[in-house]
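K.L.:
3D model of this:
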Amino acid sequence: MYAGLRDGDPVHHVEELDYWVLSRFADVFAAVRDTGTFSSAEGLTFTYDERNKAGLADAAPMVMMDPPEHTAFRRLVGRGFTPRHVQEIEPAVRTFVVERLERLRAAGGGDVVAELFKPMPSFVVAYYLGVPETDWGRFDAWTQGIVAANATGDLRQAGGSVGELFEYFSDLISQKRAHPGEDTISELVATGATDVPIMQVLGFAFTMVTGGNDTTTGMLSTGAELLTRRPDQRARLLADPSLLDTTVEEMLRLAAPVQGLARTTTSAVTLHGVTIPAGKKVLLLYGSANRDPRQFGPTAEDFDVDRRIGPMLSFGYGAHHCLGAAAARLQARIALEELLARCPRFAVDYAAGSFAAGHFVRRYETLPFVADAL
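P.N.:
The predicted model follows:
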């Protein structure tokens, strides 16, 4: 379908819901960088009046801001995502991964999503937000509700979870003001950032939950499928571990955990002879753009651990480039390192796996895993 759109209908109109779809790399790449024309302020799905429906009218998440407001807030929260901060969490992530893999290996296998690929990013997000370990169970439950609703694009389904999350973080913010820690929430409410409205802090917590959980799960679960489908590429990686970084990038490109996000036009846009009116939702198909042979050559559909990749759209680009990209890459690198070291002959039964519902994030919900398939 993506190839059909790219080749025959690169500016597609979905008449029933009155939104437009861009599928070629060049068009999507230009749109994500042009925040003046393709605005995020009205939400990132193809649903109109999205923020009001989700109860976010007064708590705009950072991803639903445009520059210069977005730029100023990103500068504040970016303090917690420096290379030093990202590297500080590596020992804790590795310990978590090893423990879960050893549990799977001892059992001979299991559901690798439930055991590792889903709880790991939830643990990392909780760590960054300063959620105490004693509250991780509650946090994970809210996360599940919000992620499930976000995947379908109907955030009204997450009303209860959003309300409970906001109430919890309102209390947590008060605690962090009195007793700051080494987390991002503490950074936001520390001296010098006290003018940040509490609703913006709550919006940031919402962004972390929706953006940092199922996306990493999608990348890792689909990556495990790719390594199972292509034993030749796995052999290349096992023989040359220096290819790990390019492997992670290739998995990100092909998996494209976020298959697409929407923007709203602030003025009329004409592409390929088609005019999109002002005020219309435009779905930017990252998943299609990342497989466009116009950008990635005739082997764009193939998994190649040797591929050297230039710009791609798995983390967006420009002003809205994913703030947690380095943390996501860290999780992927550690998970792959330990998986290949401890279970080099693993396999996943992708035919028996099931995908989570939703239009935007492509991720396995269940994925049977065998620790030693040979």
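
K.L.:
hang on, S267 is in a strand, isn't it?
P.N.:
No: S267: not assigned to a strand; according to DSSP: H, G, I helix; E, B strand; the rest coil it is coil.

K.L.:
Can you give me the neighbour number for it?
P.N.:
Close neighbours of S267, defined as other C-beta atoms under 10 Å, add up to 10. Quick note: C-beta positions are derived from backbone N, CA and C, even for glycine.

K.L.:
Let me see the contact set for it.
P.N.:
37, 278 (C-beta atoms under 8 Å, 6 or more residues apart in numbering).

K.L.:
then the longest helix seen in the chain to PDB, C-alphas only?
P.N.:
In the chain, assigned by DSSP state H, the helix with the most residues is helix 159-178. This file holds the C-alpha atoms of helix 159-178, laid out as PDB (Å, rounded to 0.1, in the frame of the first residue of the first chain):
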ATOM      1  CA  GLY A 159      -9.500   9.900  30.300                       C
ATOM      2  CA  GLY A 160      -9.200   8.000  33.600                       C
ATOM      3  CA  SER A 161      -5.500   7.200  33.100                       C
ATOM      4  CA  VAL A 162      -4.700  10.800  32.100                       C
ATOM      5  CA  GLY A 163      -6.500  12.100  35.100                       C
ATOM      6  CA  GLU A 164      -4.800   9.800  37.500                       C
ATOM      7  CA  LEU A 165      -1.400  10.500  35.900                       C
ATOM      8  CA  PHE A 166      -1.900  14.200  36.200                       C
ATOM      9  CA  GLU A 167      -3.100  14.000  39.800                       C
ATOM     10  CA  TYR A 168       0.000  11.800  40.700                       C
ATOM     11  CA  PHE A 169       2.400  14.100  39.000                       C
ATOM     12  CA  SER A 170       0.900  17.200  40.600                       C
ATOM     13  CA  ASP A 171       1.800  15.600  44.000                       C
ATOM     14  CA  LEU A 172       5.200  14.500  42.700                       C
ATOM     15  CA  ILE A 173       6.000  18.000  41.500                       C
ATOM     16  CA  SER A 174       5.300  19.400  45.000                       C
ATOM     17  CA  GLN A 175       7.600  16.700  46.500                       C
ATOM     18  CA  LYS A 176      10.400  17.500  44.000                       C
ATOM     19  CA  ARG A 177      10.200  21.200  44.800                       C
ATOM     20  CA  ALA A 178      10.900  20.400  48.400                       C
END
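
K.L.:
what's that helix packed up against?
P.N.:
Here helix 159-178 touches helix 136-152, helix 184-189, helix 198-212, going by 3 or more C-beta pairs under 8 Å, 6 or more residues apart in numbering; DSSP states H and E.

K.L.:
rank those by pLDDT, which is bottom?
P.N.:
Here the lowest mean pLDDT among the helices and strands packed on helix 159-178 goes to helix 136-152, at a mean of 69.

K.L.:
Helix or strand with the lowest mean pLDDT in the chain?
P.N.:
helix 136-152 (a mean of 69; mean pLDDT, DSSP states H and E).

K.L.:
quick revisit: give me the buried positions along the longest helix of the chain.
P.N.:
Buried residues in helix 159-178, defined by neighbour count with 16 or more other C-beta atoms under 10 Å: 161-162, 164-166, 168-169, 172-173, 176.

K.L.:
Enumerate every residue touching the residue most central in space within the chain.
P.N.:
The structure's the chain has its C-alpha centroid closest to T215; by C-alpha atoms, centre = their mean the separation is 3.3 Å. For T215, the contacting residues are 121, 257-258, 328, 361, 363, by C-beta under 8 Å, 6+ apart.

K.L.:
Can you flag which of the residues you listed belong to helices?
P.N.:
Checking those against DSSP H, those in helices are 121, 328.

K.L.:
ok, the contacts of T215 vs L243, which is closest?
P.N.:
Closest approach between the contacts of T215 and L243, by C-beta to C-beta: A328, at 18.7 Å.

K.L.:
just so I have it, where are all the helices in the stretch 1-150 of the chain?
P.N.:
2-8, 25-33, 50-53, 69-77, 83-88, 90-107, 112, 119-129, 136-152 (DSSP state H, counting those that start in this stretch).
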